[in-house]
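>>> just a sequence and a predicted model for now, questions to come.
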Amino acid sequence: MFASCLLGLNVLFRLPALTVGGAALVLLSPAADALLLALLVCLWVWLRLPGLRIVCFVLAGTGLMLLSFRTADSLVPYYFDRAFRPALDLGYLPDLYALLRDTLPPLVFYGALLLLAAATAGLGAGFWGLFRMLGESCRLPACRWSLITLIALLSFVELLTPFSFLGESAPVRLVGKSGGSGVKETAVGGETENPETAFHREAAEPGGGMLARLEGRNVLLLVVESYGYTLFSEPEHFDLFQPHLARFEAELEAAGFAVCSNFLESTAFGGNSWLADATLTTGVRIEDEAAYRELLASEVKPLAAYFREAGYRAVAAMPATTRAWPEGEFFAFDRIYTYPDFGYRGPNLKWAPMTDQYVLDFMHRAEIAGAASPLLVEYLLISSHYPFNLIPVYFEDWSRVGDGSIYHRTEAVRVLPIPAGRQTAGIEGLAEAIAYDLRLIAGYLDRFVADESLIVIVGDHQPYSGVTGRGKPRSVAIHAVSRRRELLLPFLSRGYVAGAFPDQPLPHPGMETFLPALLEDFSAPGPDEGSAAGG
């Protein structure tokens with residue numbers, strides 16, 4: 001029944017607005033949907049006709065469904081800067097639930113849940129009554145079976161057909177026109193690789209020693225939530241952020257570190273960080289959940305697997321992963337630390353279950369301080385998560401962090417105001433949140449990294465469109481840092497600029513270029529490649 005309704009919704013979404021003298025006669029907007037629902041309820045209350053009651057139930061339920069889809073079709077582009085795709089986006093409902101629960105006032109959130117439950121019950125009752133009425137009117141078995149067959153056929157067609165005749169942007173179409181997985185063609189060796197083969201290859205094996213040019217140095221990969229291009233590209237955003245980035249650069253230089261910077265194009269926008277992380281660490285461009293699932297079932301070799309082959313211990317810090325994550329096996333880490341593993345005793349800061357300083361401190365004690373072999377450590381830092389209004393205090397004395405219980409104190413977390421009518425603390429909050437992470441990283445490197453480790457700091461995606469504006473580039477900042485300046489030469493040869501201020505013009509290389517470049521630049525060439533590589 002649900003799929004059958006979607007067939008009608010496909011048509012309703014594509015109805016042209018009829019106008020007379022510039023006045024719209026067909027208004028398919030959330031406001032118009034709500035008005036239609038109110039009129040139907042009034043009509044049922046006033047007339048109390050049995051047949052009309054069933055019709056009103058059906059129309060009201062369909063209208064509520066339409067309103068839900070229209071709302072989703074407005075919110076998904078607003079937050080993620082892409083079209084609403086129900087077949088893929090329905091899988092994000094648990095995350096949406098958590099987001100709304102943590103960011104909406106309780107009265108609004110639970111009121112909306114009750115309204116949704118009532119709408120679902122009304123829709124079910126309406127369709128049950130409709131089918132009973134049709135069943136009673138269809139006395140002949142052949143007629144009943146014809147009705148059932150028609151409904152099943154419509155459902156099957158809606159689920160499996162792209163409906164390209166409805167237009168490329170039909171928002172409730174379950175399958176895209178091409179039926180593609182969201183994998184773009186990938187450049188391999190100067191040629192274009194067919195996306196159908198992208199998951200059935202392994203990245204080109206280096207001709208010589210795997211990552212031998214790192215000479216056993218630790219590699220720290222720090223992925224910073226929402227560290228996006230908007231902080232550099234929008235003048236008003238850059239004015240807020242520039243002093244913080246200048247301080248970050250100065251602190252690194254004072255501690256003896258060199259830094260170079262660039263931009264990479266992310267596959268995510270406003271959320272869905274795992275798509276960006278998968279792209280970064282596999283060299284395959286992953287743009288949606290279907291492509292992600294296909295990747296997990298593939299033979300593609302991820303970042304950690306290469307490091308393990310080179311004799312490294314590979315670990316990941318994922319403090320925001322609060323549930324079991326069996327998919328993690330694909331990424332080939334020796335160990336993945338998720339929320340329960342950290343032993344955190346502090347408060348939950350909305351979508352940041354713990355602070356990034358706690359994560360860095362814990363991982364240093366658990367893995368780095370006493371390491372017997374070289375390490376690859378990937379951190380997924382989350383203190384700069386939406387809605388950008390809870391900023392932890394950076395403790396110069398790291399011993400104060402302890403088990404995290406210090407963050408229960410009101411002075412340990414800054415609470416930025418969220419203006420009326422807005423969902424976040426805006427660019428002011430974003431700039432402060434990223435500034436916290438940069439100061440934290442500089443402080444950590446100065447205090448705890450005395451060797452010649454290679455450190456890579458990269459954003460996962462741009463913040464949502466309410467901060468950046470609609471239709472903005474998907475690029476993020478990336479910095480390479482080390483006390484050994486020679487380790488930065490390969491990055492500089494690939495277009496990075498010295499310092500913490502990237503200024504490369506659009507378009508930027510994709511995140512999928514990071515892993516192949518890292519393998520090529522830091523693996524020793526084979527005997528037949530030595531002369532071509534300049535010795």
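On my side now, so go ahead.
>>> CA only for contacts and neighbour counts going forward, please
Will do.
>>> pLDDT below threshold where in this protein?
The chain contains residues with pLDDT under 70 at 1-105, 119-120, 122-208, 526-535.
>>> strands along the stretch 151-300 of the chain, start to end?
Secondary structure of the stretch 151-300 of the chain (DSSP state E, counting those that start in this stretch): strands at 186-188, 191-193, 219-224, 258-265.
>>> just checking, what packs against the last one?
Based on contacts counted as 3 or more C-alpha pairs under 8 Å, 6 or more residues apart in numbering; DSSP states H and E, the elements that strand 258-265 packs against are helix 235-254, strand 475-482, strand 497-498.
>>> contacts for it next, please.
229, 249, 252, 473-485, 488, 491-492, 495-504, 508-511 (C-alpha atoms under 8 Å, 6 or more residues apart in numbering).
>>> how about a cut-off of 6 Å?
Under the criterion C-alpha atoms under 6 Å, 6 or more residues apart in numbering, residues 474-483, 496-500, 502, 508-511 lie in contact with strand 258-265.
>>> can you check stretch 442-461 too?
So stretch 442-461 is contacted by 217-228, 255, 266, 268-269, 276, 476-484 (C-alpha under 6 Å, 6+ apart).
>>> what's the neighbour count on residue 114?
Neighbour count for residue 114, taken as other C-alpha atoms under 10 Å: 11.
>>> correction: residue 235
Residue 235 has 12 neighbouring residues, counting by other C-alpha under 10 Å.
>>> mind checking the strands of the stretch 151-300 of the chain for the one nearest to residue 332?
Set against residue 332 and scored by C-alpha to C-alpha, the strands of the stretch 151-300 of the chain come closest in strand 219-224, at 15.5 Å.
>>> who are the packing partners of that closest one?
Applying 3 or more C-alpha pairs under 6 Å, 6 or more residues apart in numbering; DSSP states H and E, one finds that strand 219-224 makes contact with strand 375-381, strand 454-459.
>>> give the next helix or strand downstream of the longest one.
If I follow you right, that is strand 375-381. Once strand 375-381 ends, the next helix or strand along the chain (criterion: DSSP states H and E) is strand 390-392.
>>> now the shortest one
Note on strand 454-459: by DSSP H and E, the next helix or strand toward the C-terminus is helix 465-468.
>>> coming back round to it: mean neighbour count and distance to residue 304 for the strands of the stretch 151-300 of the chain - can I get that in CSV?
As requested, the strands of the stretch 151-300 of the chain are exported to CSV (neighbours: other C-alpha atoms under 10 Å; distance: least, C-alpha to C-alpha, whole Å):
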stretch, mean neighbour count, distance to residue 304
strand 186-188, 15, 21
strand 191-193, 11, 24
strand 219-224, 22, 11
strand 258-265, 25, 20
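>>> about what we covered before: restricted to buried residues, select the contacts of stretch 442-461 in ChimeraX.
With 16 or more other C-alpha atoms under 10 Å as the burial test, the buried ones among the contacts of stretch 442-461 are selected in ChimeraX as follows:
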select :217,218,219,220,221,222,223,224,225,226,227,228,255,266,268,269,276,476,477,478,479,480,481,482,483
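>>> test my guess that residue 314 contacts residue 336.
No. Assessed by C-alpha atoms under 6 Å, residue 314 is found out of contact with residue 336, at 8.8 Å.
>>> common neighbours of these two, please.
Common neighbours of residue 314 and residue 336 (C-alpha under 6 Å, 6+ apart) do not exist.
>>> kindly reformat the helices and strands packed on strand 219-224 as a markdown table containing distance to residue 293 and mean neighbour count.
Output for the helices and strands packed on strand 219-224, formatted as a markdown table (distance: least, C-alpha to C-alpha, whole Å; neighbours: other C-alpha atoms under 10 Å):
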| stretch | distance to residue 293 | mean neighbour count |
| --- | --- | --- |
| strand 375-381 | 20 | 24 |
| strand 454-459 | 23 | 22 |
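>>> distance to residue 342 added to the strands of the stretch 151-300 of the chain, as TSV?
Putting those into TSV (distance: least, C-alpha to C-alpha, whole Å) gives the following:
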stretch	distance to residue 342
strand 186-188	37
strand 191-193	41
strand 219-224	17
strand 258-265	30
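>>> among those strands, which is nearest residue 348?
When the strands of the stretch 151-300 of the chain are compared by C-alpha to C-alpha, strand 219-224 sits nearest residue 348, at 18.4 Å.
>>> now what about that closest one, what contacts it?
376-381, 453-459.
>>> and the angle for that strand with strand 475-482?
150 degrees (axes from the mean of the first three to the mean of the last three C-alpha atoms, to 10 degrees).
>>> so what are the sheet partners of strand 219-224 and their directions?
strand 375-381 (parallel), strand 454-459 (parallel) (DSSP bridges).
>>> okay, the helices and strands packed on strand 219-224 in TSV with distance to residue 260 next?
Formatted as TSV, these follow (distance: least, C-alpha to C-alpha, whole Å):
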stretch	distance to residue 260
strand 375-381	19
strand 454-459	10
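>>> how about the ones you listed, which one is nearest residue 236?
Closest among those, using C-alpha to C-alpha: strand 454-459, at 19.8 Å.
>>> ok, residue 482 - contacts?
With contact taken as C-alpha under 6 Å, 6+ apart, residue 482 is in contact with 257-258, 453-454.
>>> okay, these in CSV with distance to residue 346 next?
Output for the contacts of residue 482, formatted as CSV (distance: C-alpha to C-alpha, whole Å):
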residue, distance to residue 346
257, 32
258, 34
453, 30
454, 31
